[in-house]
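Chemist: the sequence and its predicted three-dimensional model are supplied below.
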Amino acid sequence: MKTPSLAPQEPINESSEHVVRLNKVQEMRSAGIESWPEYKPVTATTAQALTAYEASKNEAVEYSLAGRLMSLRDHGKTFFAHLQDRDGVLQLYIKKDALGDEGFEQFKKFIDVGDIVF
């Protein structure tokens, strides 16, 4: 029995990944989005937000978090992701209805696994 041959693929190396990310930064700046803003207040860590959520008893509370996006799964009009910071990991549910069409498309176009997000 013959093993099927795989078509050769161009390997993704560090320099090509770097070029992709630099191009995204340039596109973001052209769209008026600063990829590394000077100051973004962070009001909680993932652990603090999770603890407060569990204690809130369905009260709406907003937090400003920052961390590295460890996973990202696209489900059409929603995304599931994991955000990791120094205190833990938090699962995110991102809805097109909540972000609006423009915000959702920007998220889809510019955000990748491994990015630091605010």
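Modeler: Received, thanks.
Chemist: please count neighbours and contacts with C-alpha atoms only from this point.
Modeler: Will do.
Chemist: so how far is the longest helix along the chain from its chain's centroid?
Modeler: Longest helix in the chain, counting residues (DSSP state H): helix 14-30. Helix 14-30 sits 16 Å away from the centroid of its parent chain (Cα atoms, centre = their mean, to the nearest Å).
Chemist: could you do stretch 106-118 as well?
Modeler: Counting by Cα atoms, centre = their mean, stretch 106-118 comes out at 4 Å from the chain centroid.
Chemist: how far does the helix or strand harbouring residue 73 sit from the chain's center?
Modeler: For residue 73, the element it lies in under DSSP states H and E is strand 67-74. Put simply, strand 67-74 sits 5 Å off its chain's centre (Cα atoms, centre = their mean).
Chemist: that strand - contacts with which helices or strands?
Modeler: Counting by 3 or more Cα pairs under 8 Å, 6 or more residues apart in numbering; DSSP states H and E, the packing neighbours recorded for strand 67-74 are strand 78-85, strand 116-117.
Chemist: what is the mean pLDDT for the longest helix of the chain?
Modeler: Averaging pLDDT along helix 14-30 gives 85.
Chemist: what packs against it?
Modeler: Secondary elements touching helix 14-30 (3+ Cα pairs under 8 Å, 6+ apart): none.
Chemist: what's downstream of that helix, the next helix or strand?
Modeler: Using DSSP H and E, the helix or strand that follows helix 14-30 in sequence is helix 46-56.
Chemist: residue 48 is nearest to which of the helices and strands packed on strand 67-74?
Modeler: In terms of Cα to Cα, the element of the helices and strands packed on strand 67-74 nearest to residue 48 is strand 78-85, at 11.1 Å.
Chemist: report the buried residues of that closest one.
Modeler: Buried residues in strand 78-85, counted by 16 or more other Cα atoms under 10 Å: 79, 81-85.
Chemist: what's the angle between whichever helix or strand comes after it and strand 67-74?
Modeler: Going down the chain from strand 78-85, the next helix or strand is strand 88-95, by DSSP H and E. On the basis of axes from the mean of the first three to the mean of the last three Cα atoms, to 10 degrees, strand 88-95 is oriented at 40 degrees to strand 67-74.
Chemist: could you export whichever helix or strand comes after strand 88-95 as PDB, CA atoms only?
Modeler: Of the helices and strands lying after strand 88-95 in sequence (DSSP H and E), the nearest is helix 96-110. Extracted C-alpha coordinates of helix 96-110, given in PDB (Å, rounded to 0.1, in the frame of the first residue of the first chain):
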ATOM      1  CA  LYS A  96     -21.000  40.100  16.600                       C
ATOM      2  CA  ASP A  97     -24.300  41.500  18.000                       C
ATOM      3  CA  ALA A  98     -22.400  42.900  21.000                       C
ATOM      4  CA  LEU A  99     -19.400  44.400  19.100                       C
ATOM      5  CA  GLY A 100     -21.300  45.600  16.000                       C
ATOM      6  CA  ASP A 101     -20.400  44.800  12.400                       C
ATOM      7  CA  GLU A 102     -17.400  47.000  12.200                       C
ATOM      8  CA  GLY A 103     -15.900  46.000  15.500                       C
ATOM      9  CA  PHE A 104     -16.400  42.400  14.900                       C
ATOM     10  CA  GLU A 105     -14.800  42.500  11.400                       C
ATOM     11  CA  GLN A 106     -11.800  44.400  12.900                       C
ATOM     12  CA  PHE A 107     -11.500  41.800  15.500                       C
ATOM     13  CA  LYS A 108     -11.600  39.000  12.900                       C
ATOM     14  CA  LYS A 109      -9.200  40.700  10.600                       C
ATOM     15  CA  PHE A 110      -6.500  42.000  13.100                       C
END
